[in-house]
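Asker: Quick check, what structure comes out for this input:
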Amino acid sequence: MEKRALIIGASGIVGGNLADRLLADGWHVAGLSRGRTAVSPSIEPITADLTSVESVSAALDGKQFSHVFFTAWARQATERDNIRVNGGMVRHVMDAVGPSGTVTHAALVTGLKHYLGPFEAYATGAVPITPFREEQGRQPVENFYYEQEDRLFEAAQRFGFSWSVHRPHTIIGFALGNAMNMGVTLAVYASLCKATGQPFIFPGSAAQWNGLTDMTDARLLARHLEWAAMSANARNEAFNVVNGDVFRWKWMWSCLADYFGIEAVPFDGETQPLENRMQGAGEAWKELATRFSLKEPDIQKLASWWHTDADLGRPMEVLTDMSKSRKAGFLDYQSTPDSFYALFDRLKAERIIPQ
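Answerer: This next block holds a predicted model:
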């Protein structure tokens with residue numbers, strides 16, 4: 001069977017970059033989503049409500065795929081609801097495509113909350129020693145990532161395909177309307193600081209400002225997903241996936257400021273979350289969008305203040321080990337500053353932020 005991919009969440013930061021990668025390599029790509037955000041014309045669009053078994057079953061009836069990539073999630077009010085809804089989404093998709101017998105591999109993208117715990121109990125338990133390693137296993141808390149994994153493992157055993165789980169750190173990449181997008185959020189924040197003269201203040205914690213950290217370029221993650229889908233060394237394994245370099249925000253913050261031609265305010269030791277400080281930013285962004293003929297005047301479709309605050313406000317070092325992937329044959333590397341600069345350049349070229 002030809003390489004036929006089904007991407008759950010093809011319009012998101014992970015799914016969109018994965019689709020670009022697979023299309024460039026000659027795959028047929030279908031994207032399953034709610035249909036609220038347009039996908040590339042090269043992608044076969046499939047619309048369904050992932051939370052409804054009937055909707056997913058009807059949308060996928062008669063369709064055959066060799067590979068399934070699950071890159072979507074739906075945020076709920078509590079972790080118990082996250083478990084119910086997001087685990088159900090995986091189950092609905094696999095129950096719909098598994099009986100065809102054509103699926104050879106399915107991949108699930110989760111993240112470092114596998115080690116840190118869910119939003120409700122974020123980093124409050126016994127966080128493993130850094131750098132995080134895959135063999136450290138699960139934490140003794142409820143976590144929807146674990147439920148998604150279990151539904152994937154169960155389907156793989158039932159329908160006879162292999163699986164891989166991918167755990168990126170904070171993802172940098174081009175995507176609009178995404179709930180977990182620090183790169184675009186910081187670009188919007190820096191653009192507002194430049195236009196209004198407000199200070200470019202680091203919103204996070206002293207631990208993040210001073211400690212070592214790493215990130216994941218969405219393009220590198222796409223390469224990792226394709227590699228695992230085709231490599232015998234990646235069968236039935238979970239992998240961390242990050243760029244391969246490390247940095248401190250006390251250095252990176254000045255790099256971002258220099259790109260935008262603004263001054264980085266020295267960190268004074270106080271956490272100053274963006275969600276609190278950017279409550280009135282919507283009107284300022286509308287004015288900026290009008291002045292520079294930007295494509296998106298609604299700041300809520302670009303910036304995810306809460307998620308950037310969660311990442312930059314962590315009270316401990318977050319660092320990831322990539323040895324398992326390296327030993328299995330994935331040797332790609334990506335400079336994190338270059339990831340930011342490439343994203344900012346594209347946002348300017350697409351008229352999302354001012355030149």
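Asker: Span of stretch 63-83 from start to end?
Answerer: Start to finish, the residues bounding stretch 63-83 are 27 Å apart (CA to CA, to the nearest Å).
Asker: now it, how far from the centre of its chain.
Answerer: For stretch 63-83, the separation from the chain centroid amounts to 13 Å (computed by CA atoms, centre = their mean, to the nearest Å).
Asker: Repeat that for stretch 291-308.
Answerer: With CA atoms, centre = their mean as the basis, stretch 291-308 stands 18 Å off its chain's centre.
Asker: got it, and stretch 219-231?
Answerer: 14 Å.
Asker: and the longest helix seen in the chain, what other elements does it pack with?
Answerer: In the chain, with assignment by DSSP state H, the single longest helix is helix 79-97. On a contact count with 3 or more CB pairs under 8 Å, 6 or more residues apart in numbering; DSSP states H and E, helix 79-97 meets strand 4-8, helix 53-60, strand 67-70, helix 144-159. Placement of C-beta: from N, CA and C, glycine included.
Asker: After it, heading C-terminal, what element do we hit next?
Answerer: Counting by DSSP states H and E, the next helix or strand C-terminal to helix 79-97 is strand 105-109.
Asker: Between helix 144-159 and that next one, find me the angle.
Answerer: If you take axes from the mean of the first three to the mean of the last three CA atoms, to 10 degrees, strand 105-109 sits at 180 degrees to helix 144-159.
Asker: what helices or strands is strand 105-109 leaning on?
Answerer: Using 3+ CB pairs under 8 Å, 6+ apart: strand 105-109 touches strand 67-70, helix 144-159, strand 162-168, helix 218-230.
Asker: hang on, the earlier thing: could you give the angle of the longest helix of the chain to strand 4-8?
Answerer: Counting by the same axes, to 10 degrees, helix 79-97 lies at 160 degrees to strand 4-8.
Asker: Need the contact partners of helix 79-97.
Answerer: Helix 79-97 is touched from outside by 6, 8, 32, 50-53, 56-57, 59-61, 63-65, 68, 70, 72-76, 103, 106, 108, 118-121, 142-144, 147-148, 150-152, 155, 159, with contacts defined as CB atoms under 8 Å, 6 or more residues apart in numbering.
Asker: Low-confidence stretches in this protein?
Answerer: Residue ranges of the chain with pLDDT under 70: 1, 122-125, 179.
Asker: so how far is L220 from the closest residue in space to G329 that isn't next to it in sequence?
Answerer: Nearest non-adjacent residue to G329, counting by CB to CB, 6 or more residues apart in numbering: N233, 5.3 Å away. If you measure N233 against L220 using CB to CB, to the nearest Å, the figure is 18 Å.
Asker: ok, the two, which is more surrounded?
Answerer: L220 (25 against 13; other CB atoms under 10 Å).
Asker: who touches the residue nearest to the more buried one when sequence neighbours are not counted in this structure?
Answerer: Among residues not flanking L220 along the chain, Q334 sits closest, at 4.5 Å (CB to CB, 6+ apart). Q334 makes contacts with D217, R219, L220, N243, G244, D245, as judged by CB under 8 Å, 6+ apart.
Asker: count of residues packed around the residue nearest to the second one when sequence neighbours are not counted?
Answerer: In space, and not counting its chain neighbours, R219 is closest to N17: 5.5 Å by CB to CB, 6+ apart. Number of residues near N17 (other CB under 10 Å) recorded here: 23.
Asker: Where does N17 sit, in terms of helix or strand?
Answerer: N17 belongs to helix 13-24, assigned by DSSP H and E.
Asker: What lies in contact with that helix?
Answerer: Counting by CB under 8 Å, 6+ apart, 3, 5, 7-10, 29, 31, 39-40, 42-43, 69, 71-72, 109, 168, 171, 173-175, 178, 180-181, 218-219, 221-223, 225-226 sit against helix 13-24.
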